[in-house]
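Enquirer: Requesting a structural model of the entry that follows:
(one chain, ligands or ions: 1)
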Amino acid sequence: MMPMLDAKTLTKRFGPVVALSDARFAVRPGAITGLLGADGAGKSTTLRLFLGLVRPTSGSALIDGRPIHEWPAPARKVGAVMDVRSAHPSRRVIDSVRWAARLAGMPRSRAETVLDLVGLGAVAGQRVRRLPAAPRRRLALATALAGDPETVLLDEPLDGLDPQEIAWLKELLRRLRGQGRTVLLTSRLLAGLEDLVDDLVVISRGRIVGSGSATAFVDRFRLETISVLSDRPRPLCAAVIEAGGEVLGTQGRRMEISGLTSVQLGEIARGAGIALMGLVEVRPGTGDPPS
Ligand SMILES: Nc1ncnc2c1ncn2[C@@H]1O[C@H](COP(=O)(O)OP(=O)(O)OP(=O)(O)O)[C@@H](O)[C@H]1O
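Expert: Numbers count the residues shown, from 1 in each chain. Predicted coordinates for the structure are as follows:
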């Protein structure tokens, strides 16, 4: 089966910074894939490369076998939410989506369809600036879907959402998958993705360190993953990497670490003079902290 998204020896440098180094991975059509990595790992850069917003230093980022700029109607191929603030604040909600639908060559009625899909039909006539944060994020999603794209790229879509909004978004993404669409979303944490993604690609400091079915990953990572709280996450990250561990994700003071036992982690933290405020070894199968 031809992959829907294909990173082929993809490298991106920004001056001296290597944001992505020889990345190779493929995303299956009709699946939800999570691109997992810590802050600055290269997740957004990867999405930008697929979208043609930045050019690869070497290698290629293919959508359905071709770079995005080779598709005659790119908005029918891929829709993306990279920045939720992209809608113009003084526009009406409906006009914002109509504009996107028009650019994609879709009929005018497409705007109503996608606003209904994201539950914003009732506020279609409002100015964008009057929308609170959660509906504004839904609007960004509607705009991404305006071109009826085969593939949807979402940068940290679950980040900062409340539980109801997370549940709603997951249901919507499952519906999009049910329609045969491909979804690639990024996240800093594995926690919370288990019941959503089919496949995972794990990126660490610009390198792909693993990819495959989420079930296999979740079992392996649960076995090995330690979730830890520290008031000095940055030096702790450095000490963990120095010791050969892998930082899977960070969010504020919380980190997910693999490749080390909790005893080793405790020793590393003590050696670096960093206090651990909480540590949970995530067990296979249950996801619950040990009692
Ligand atoms: N336009 C740019 N110019 C210079 N450096 C950049 C640029 N874009 C990204 N980088 C650097 O490339 C690296 C990867 O950044 P990227 O935004 O892709 O990471 P990320 O995994 O999405 O992290 P975050 O969750 O913080 O957005 C970082 O070191 C970042 O500072």
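Enquirer: Not counting sequence-adjacent ones, nearest residue to the residue in the stretch 151-291 of the chain positioned nearest to the ligand?
Expert: Among residues of the stretch 151-291 of the chain, the one nearest the ligand by C-beta to the nearest ligand atom turns out to be Arg188. It sits 5.9 Å away. (Each C-beta comes from the backbone N, C-alpha and C, glycine too.) The shortest distance from Arg188 to any non-neighbouring residue, by C-beta to C-beta, 6 or more residues apart in numbering, is to Gly249 (4.3 Å).
Enquirer: Who is that neighbour paired with across the strands?
Expert: Partner residues in beta bridges with Gly249, using DSSP bridges, are Glu256.
Enquirer: Now do the contacts for it.
Expert: Gly249 is in contact with 36-38, 187-190, 255-256, counting by C-beta atoms under 8 Å, 6 or more residues apart in numbering.
Enquirer: again, 7 Å this time
Expert: 36, 38, 188-190, 256 (C-beta atoms under 7 Å, 6 or more residues apart in numbering).
Enquirer: Save the residues you listed as TSV, and put in secondary structure, distance to Arg130 and neighbour count too.
Expert: Formatted as TSV, the contacts of Gly249 follow (DSSP: H, G, I helix; E, B strand; the rest coil; distance: C-beta to C-beta, whole Å; neighbours: other C-beta atoms under 10 Å):
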residue	secondary structure	distance to Arg130	neighbour count
Leu36	strand	35	29
Ala38	coil	36	23
Arg188	coil	30	22
Leu189	coil	32	21
Leu190	coil	36	24
Glu256	strand	38	23
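Enquirer: Leu49 against Ala61, yeah?
Expert: Yes. With contact taken as C-beta atoms under 7 Å, Leu49 and Ala61 are classed as touching, separated by 4.1 Å.
Enquirer: tell me, what's touching those two both at once?
Expert: Common neighbours of Leu49 and Ala61 (criterion: C-beta under 7 Å, 6+ apart): Leu10.
Enquirer: I figured Gly245 hits Gly259, correct?
Expert: Yes. At 4.5 Å, Gly245 counts as touching Gly259 under the criterion of C-beta under 7 Å.
Enquirer: what's the burial count for Leu153?
Expert: 26 (other C-beta atoms under 10 Å).
Enquirer: name the element the residue minimising distance to the centre of the chain belongs to?
Expert: For the chain, the residue nearest the mean C-alpha position is Thr186 (1.2 Å; C-alpha atoms, centre = their mean). Assignment of secondary structure by DSSP states H and E places Thr186 within strand 182-187.
Enquirer: avg pLDDT for that strand?
Expert: Along strand 182-187, the predicted local confidence has a mean pLDDT of 97.
Enquirer: Report the inter-axis angle for whatever helix or strand comes next after it versus strand 182-187.
Expert: Elements were assigned by DSSP H and E; along the chain past strand 182-187, the next helix or strand is strand 199-204. Comparing the axes of strand 199-204 and strand 182-187 via axes from the mean of the first three to the mean of the last three C-alpha atoms, to 10 degrees yields an angle of 40 degrees.
Enquirer: List the neighbouring strands of strand 199-204 plus their orientation.
Expert: Sheet partners assigned to strand 199-204 using DSSP bridges are listed as strand 32-36 (parallel), strand 207-213 (antiparallel).
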